[in-house]
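1. requesting a structural model of the entry that follows:
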Amino acid sequence: YSAALLAGEAGLQQVITRKQQETDALIPWIDALDERHREDFKTNDGRSACTERWNEIKKHWASVKAEEFKTQEESFAAYSELCALVTDWILNYAANYSNLILDPDLDSYWLMDAFVGKLPQITEGMSQACALGIALASRPKRGEAPPALPTADEKLGIHGLYAEATAGLKALHEVNLKTAYSDNNTKSRTLQPKLEPLAGTTTILCRDFLERVKNQIIRADSPQISPRELLEESQKAMDAAYALYGSLGPELKGLIDARVRSYQHDKTMGVIAAASATFLYAYLFLAFTFAIHASVAQISRFTRRMIEGTREHFKLDSHDEFGRVADSYNQINETLAETRALKGELESKSGALKESEERFRTLASRAPVGIFQTDARGDCMYVNERWSRLASMTLEEAKGQGWIRAVHPDDRERVSREWYAAAGEHRDF
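-> This is a model prediction of the structure:
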């Protein structure tokens with residue numbers, strides 16, 4: 001309407017004022033919905049992207065409403081930005097946070113996709129195509145001499161909107177609604193009789209409008225339709241689309257409510273089943289506890305005796321699985337006894353080995369000759385103080401292959417090669 005008014009179409013100011021008033025009346029209604037569902041849509045924390053986008057939409061609408069646009073270009077840019085914000089908020093925030101995109105049922109899922117995705121995109125595409133078409137169709141009325149013909153870029157822009165809306169319309173009819181009907185026909189069979197007549201009319205009117213845009217604006221050298229005619233054709237298509245939109249909402253809600261009732265019934269039955277199972281498990285548990293109390297007490301005593309280090313043989317009065325547990329305890333106890341004995345023996349040998357090593361270190365440190373100890377690979381593990389003084393190298397410097405640096409540079413490579421060869425072959429050097 002704004003584009004047509006700026007194009008010189010008289011009598012539209014009252015329509016625009018009425019539309020603005022209708023939109024203003026919707027803001028408090030949407031705010032009330034936001035108040036009711038803000039926990040679900042995450043618009044109450046002041047930080048979420050959903051909150052920021054909704055506040056941005058309200059701020060932008062106030063700015064657009066207060067602005068008096070002088071040109072079609074300014075009006076188109078402002079309203080396009082506002083519509084883009086609203087569409088993005090519906091698609092990427094409200095729909096996502098509602099969890100409808102996770103809907104497992106095909107009829108309600110594809111109906112949801114039509115409701116929050118396809119129809120808003122189709123109507124927005126047709127609206128923008130109408131506004132741009134009116135701008136081109138109104139040029140001869142501006143007194144231009146000769147009238148400026150549409151440029152290739154202008155036609156390309158309208159064609160992009162035409163193609164997007166046409167694809168969305170086709171997907172709406174052949175994918176969304178067709179799939180929803182097919183799935184619903186296996187259940188309640190209510191969707192197709194209610195929606196198909198209006199959906200068919202909407203498809204025809206929208207396709208007719210888009211074809212007129214293609215034939216009389218995009219393909220024509222100059223627009224072959226007046227702004228008023230284009231606006232009227234657009235309004236017919238938009239009214240049909242909004243009527244279908246108004247019918248989809250209650251049907252989608254009905255499907256969701258029916259599934260919620262089904263879930264609540266299943267939940268109630270699940271609670272009853274869970275309570276019954278809990279009672280049965282509690283009864284069995286108590287019976288089992290009383291039955292095995294004596295055996296558990298005996299096993300506890302066996303455990304304490306095993307920790308203390310006994311070699312006694314355990315035996316339970318029970319002849320069921322606990323009897324086999326006692327046999328396992330006896331095997332474990334025998335293993336523990338053997339382990340303790342082996343540990344004592346290893347500790348004794350380790351002590352003797354440590355004492356022998358300490359004696360070796362003491363003797364080596366006092367020996368008047370250099371002592372050089374290696375591992376099986378030939379790498380140095382220990383040198384005494386005498387060796388360190390002779391080689392001018394500390395123990396840390398000599399460890400590993402560091403000792404080679406003590407050999408004269410002329411002999412270093414040969415000595416290293418022959419030394420490690422002898423170590424690898426376990427022969428004298």
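
2. so what's the residue nearest to Gly117 when sequence neighbours are not counted up against?
-> Nearest non-adjacent residue to Gly117, counting by Cβ to Cβ, 6 or more residues apart in numbering: Leu91, 5.9 Å away. Every C-beta, even on glycine, is put in place using the N, C-alpha and C of the backbone. Leu91 sits next to Val116, Gly117, Pro120 when contact means Cβ atoms under 8 Å, 6 or more residues apart in numbering.

3. next one, pLDDT for Leu91 please.
-> Note for Leu91: predicted pLDDT of 75.

4. same deal with the one 5 residues further on?
-> As summarised for this prediction, Asn96 has a pLDDT of 70.

5. now do Asn99
-> pLDDT, Asn99: 68.

6. and for Lys42?
-> pLDDT at Lys42 comes out at 62.

7. who's in contact with Ile90?
-> Val116, Pro120.

8. assign it to helix, strand or coil.
-> Assigned with DSSP: H, G, I helix; E, B strand; the rest coil, Ile90 falls in the helix class.

9. re earlier: can I get the contacts of Leu91 in CSV including distance to Ser300, secondary structure and neighbour count?
-> Converted to CSV, those look like this (distance: Cβ to Cβ, whole Å; DSSP: H, G, I helix; E, B strand; the rest coil; neighbours: other Cβ atoms under 10 Å):
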residue, distance to Ser300, secondary structure, neighbour count
Val116, 63, helix, 22
Gly117, 65, helix, 20
Pro120, 70, helix, 20
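
10. tell me the one of those residues nearest Leu33?
-> Val116 (14.5 Å; Cβ to Cβ).

11. which residue is the nearest non-sequential neighbour of that closest one?
-> Nearest one to Val116, counting by Cβ to Cβ, 6+ apart, is Ala95 at 4.3 Å.

12. give me the residue ranges of the stretch 301-429 of the chain where confidence is low.
-> Scanning the stretch 301-429 of the chain for pLDDT under 70 picks out the ranges 302, 306, 308-309, 314, 316-326, 329, 352-353, 359, 363-364.

13. could you look up the SS state of Arg189?
-> Applying three-state DSSP: Arg189 is coil.

14. distance of the residue nearest to Gly117 from Glu124?
-> 11 Å (Cβ to Cβ, to the nearest Å).

15. same question for Thr186.
-> On the measure of Cβ to Cβ, Thr186 and Glu124 end up 33 Å apart.

16. ok, the two, which is more surrounded?
-> Just comparing Thr186 and Glu124: by other Cβ atoms under 10 Å the higher neighbour count belongs to Glu124, 19 against 9.

17. ok, the residue lying closest to the more buried one once chain neighbours are set aside - how many residues close by?
-> Nearest residue to Glu124, sequence neighbours excluded (Cβ to Cβ, 6+ apart): Cys83, at 5.2 Å. Per other Cβ under 10 Å, the neighbour tally for Cys83 reads 15.

18. pretty sure Cys83 contacts Thr123?
-> No - using Cβ atoms under 8 Å, Cys83 is not in contact with Thr123; the gap is 9.1 Å.

19. which elements pack onto the helix or strand Asp34 falls within?
-> Element membership of Asp34 [criterion: DSSP states H and E] is helix 13-41. Helix 13-41 is packed against helix 2-6, helix 49-66, with contacts defined by 3 or more Cβ pairs under 8 Å, 6 or more residues apart in numbering; DSSP states H and E.

20. can you list the residues that contact stretch 259-270?
-> Asp105, Ser108.

21. now the angle from the top helix by length along the chain to helix 13-41?
-> In the chain, with assignment by DSSP state H, the single longest helix is helix 227-308. The directions of helix 227-308 and helix 13-41 differ by 10 degrees, with axes from the mean of the first three to the mean of the last three Cα atoms, to 10 degrees as the criterion.

22. pull the distance from helix 227-308 to the chain's centre.
-> 22 Å (Cα atoms, centre = their mean, to the nearest Å).

23. what's the next secondary structure element after it?
-> Moving toward the C-terminus from helix 227-308, the next helix or strand (DSSP H and E) is helix 321-366.

24. which strands or helices does that following helix pack on?
-> If you count contacts as 3+ Cβ pairs under 8 Å, 6+ apart, helix 321-366 packs onto helix 227-308.

25. between the helix it packs on and helix 321-366, how many degrees?
-> Computed by the same axes, to 10 degrees, the angle between helix 227-308 and helix 321-366 is 80 degrees.
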